[in-house]
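> structural data only, the sequence is not supplied:
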């Protein structure tokens, strides 16, 4: 039996991982200060917006960007660093301060 919470919203999914998080139906903003968990945080943020289990996402992070290279870049970048990329229909932005912002630009409240 899977004990993970359903990916119904940001607070249910991400607050269990001790991330500071805010969300709307189309945006998740989260403090992901630990780059080791960045790939998981991205997938769970997108799945929270899409209202699907992370394993059901059609696009995988490694299809879009090298997760290890992303982690190393975030770890070695300074606070002014900014990385942005498209993940399917979603826009992902990561700052050097650890802020992860995932937005669905096709949603009405984006």
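Okay, I see it. What you see is a predicted model; the values in this text were computed from it and never measured.
> give me the below-cutoff pLDDT ranges for this protein.
Scanning the chain for pLDDT under 70 picks out 1-26, 30, 32-33, 35, 108-110.
> how far off centre is stretch 40-47?
In terms of C-alpha atoms, centre = their mean, to the nearest Å, the centre of stretch 40-47 is found 4 Å from the chain centre.
> I meant to write stretch 89-102 there.
For stretch 89-102, the distance to the chain centre is 7 Å (C-alpha atoms, centre = their mean).
> the spatially most central residue of the chain: helix or strand, and which one exactly?
Nearest to the geometric centre of the chain sits residue 42, at 2.3 Å (C-alpha atoms, centre = their mean). Secondary structure from DSSP states H and E places residue 42 in helix 38-50.
> list the buried ones in the helix or strand just after that helix?
Downstream of helix 38-50, the first helix or strand assigned by DSSP H and E is helix 61-64. For helix 61-64, burial by neighbour count (16 or more other C-beta atoms under 10 Å) applies to 61, 64. C-betas here are computed from N, CA, C, even on glycine.
> which helices and strands sit right next to helix 61-64?
The contact analysis (3 or more C-beta pairs under 8 Å, 6 or more residues apart in numbering; DSSP states H and E) places helix 61-64 against helix 38-50, strand 82-87.
> can these go into TSV with extra columns for distance to residue 28?
Shown next, in TSV, are those (distance: least, C-beta to C-beta, whole Å):
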stretch	distance to residue 28
helix 38-50	4
strand 82-87	12
